[in-house]
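Novice: what shape does this take:
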Amino acid sequence: LLTGGARGPGVFFIIPCVDIYEKIDMRTATYEKPPQEILTKDSVTVFVNAIMYYKVRDATSAVANVDDYSGSARLLAATTLRNVLGTKNLGDILSERESIAQEMQELLLE
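Specialist: Okay, the predicted model is just below:
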C-alpha cells in the first residue's frame, strides 16, 4: 500500500514489478442468491432466494483486508440469511418480511 493511500481518477504511473494495480468498482453491485434450503425453528424446510445490493465504501480496506471482497460479501449475506431465518417460525417468515430484512441489514452493517 502506498503511504498516500488509494489513488483516484486521473493519470498516475505504475512501476512494473514493484507496484500492484487493482481496479475496484465503487458502484452499487447486485447479486442474486439462488434458492437455498433452510430449516426453520419449527423444523419446516423452506427454499429461500434473495437479492443483495452492496457497495464498496473503502477501496483500500477492500483490497488490503480481504482476498476476494465480492465473494466474501456474498458468503456473509448467505450465512446471515440462514442464521436469521433459522431462528424464525414459518409463520413469522411469511408475515414479517420487512422486519427480517431490517434485522439482516443491521447485522450486515456491524
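Novice: who's in contact with the residue sitting nearest the centre point of the chain?
Specialist: Nearest residue to the geometric centre of the chain (CA atoms, centre = their mean): Ala73, 2.6 Å. With contacts defined as CB atoms under 8 Å, 6 or more residues apart in numbering, the neighbours of Ala73 are 31, 52, 54. All C-beta spots, glycine's among them, are computed from the backbone N, C-alpha and C.
Novice: same question, Glu37
Specialist: Residues in contact with Glu37, defined by CB under 8 Å, 6+ apart, are 45-47.
Novice: adding neighbour count, distance to Val66 and secondary structure, write these out as a markdown table.
Specialist: As requested, the contacts of Glu37 are arranged in a markdown table below (neighbours: other CB atoms under 10 Å; distance: CB to CB, whole Å; DSSP: H, G, I helix; E, B strand; the rest coil):
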| residue | neighbour count | distance to Val66 | secondary structure |
| --- | --- | --- | --- |
| Thr45 | 9 | 32 | strand |
| Val46 | 15 | 30 | strand |
| Phe47 | 9 | 29 | strand |
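Novice: filter the contacts of Ala73 down to the ones in strands?
Specialist: Secondary structure of the contacts of Ala73 is defined by DSSP state E; positions in strands are 31, 52, 54.
Novice: nearest to Tyr21, of the residues you listed?
Specialist: Nearest to Tyr21 out of those is Tyr54 (CB to CB; 22.8 Å).
Novice: show me the beta-bridge partners of the closest one.
Specialist: Per DSSP bridges, the residues bridged to Tyr54 are Ala29.
Novice: that one and Met26 touch, don't they?
Specialist: No: assessed by CB atoms under 8 Å, Tyr54 is found out of contact with Met26, at 11.4 Å.
Novice: can you say which helix or strand has the nearest residue to Val66 once chain neighbours are set aside in it?
Specialist: Excluding its sequence neighbours, the residue lying closest to Val66 (CB to CB, 6 or more residues apart in numbering) is Ser72, at 5.0 Å. Using DSSP states H and E, the secondary-structure element containing Ser72 is helix 69-86.
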